[in-house]
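**Student:** Requesting a structural model of the entry that follows:
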Amino acid sequence: MLITLLYSCENGTKTNQSAETFTPILKDTTKFPYKRLDKRLDVKDTTITVAYAATGCSCAQWALKHSSEYEYIYLEPKNTSIINADSLLDGEHLFQLSLKGRFYKVKGYPENYDPGKGAGEPARVLKYERIKILKKY
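**Tutor:** Residues are numbered from 1 along each chain as shown. Purely as a prediction, here's the structure:
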């Protein structure tokens, strides 16, 4: 069964997205720290390059470039022995990273995400098993 949801963006425009590509924020998923209900991952590993965007909100901050547009995503380490990309941020430097992992099949937040005041919009989340710092600037 395919369900179509009506979703309102920050700028007020509305788009239709299928349930396969969007996780609705239900009562049990708005509690923080966040616990992902749908843990399905893409079948294939992917290697991506991202840069920290520093947008000043609790939304997805890692920018993935597609041609001339950027997609803002969340990052989640596969386990605790892998460096958490967000822990690299020191307030003085920005980073460009290479990561290998798999995207969750539905949008959401990284496991244990706690935005502080106000949650950002759900976005794609890469669960990564390898991280490499390409640039620190």
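**Student:** List the buried residues of stretch 34-54.
**Tutor:** 34, 36, 48, 50-52 (16 or more other C-beta atoms under 10 Å). All C-beta spots, glycine's among them, are computed from the backbone N, C-alpha and C.
**Student:** end to end, how far does that stretch reach?
**Tutor:** In stretch 34-54, first residue to last residue: 21 Å (C-alpha to C-alpha, to the nearest Å).
**Student:** average model confidence for it?
**Tutor:** Stretch 34-54 shows a mean pLDDT of 91.
**Student:** now, among the buried residues of stretch 34-54, which is nearest to residue 42?
**Tutor:** Closest to residue 42 out of the buried residues of stretch 34-54 is residue 48 (12.0 Å), distances taken as C-beta to C-beta.
**Student:** Of the buried residues of stretch 34-54, which is the nearest to residue 135?
**Tutor:** Of all the buried residues of stretch 34-54, residue 51 has the smallest distance to residue 135: 8.0 Å, by C-beta to C-beta.
**Student:** Test my guess that the closest one contacts residue 62.
**Tutor:** Yes: counting by C-beta atoms under 8 Å, residue 51 does reach residue 62; the two are 7.3 Å apart.
**Student:** shared neighbours, these two?
**Tutor:** Common neighbours of residue 51 and residue 62 are listed as residue 97 (criterion: C-beta atoms under 8 Å, 6 or more residues apart in numbering).
**Student:** In terms of helices and strands, where is the nearest residue to residue 71 once chain neighbours are set aside?
**Tutor:** Distances taken as C-beta to C-beta, 6 or more residues apart in numbering place residue 64 nearest to residue 71, at 4.8 Å, with adjacent residues excluded. According to DSSP states H and E, residue 64 maps onto strand 62-66.
**Student:** Name the residues of that strand that are buried.
**Tutor:** Taking 16+ other C-beta under 10 Å as the criterion, strand 62-66 shows 62-64 as buried.
**Student:** Okay, now the unreliable bits of this structure?
**Tutor:** The chain contains residues with pLDDT under 70 at 1-33, 116-119.
**Student:** Try it again at 50.
**Tutor:** By pLDDT under 50, the low-scoring segments of the chain are 1-29.
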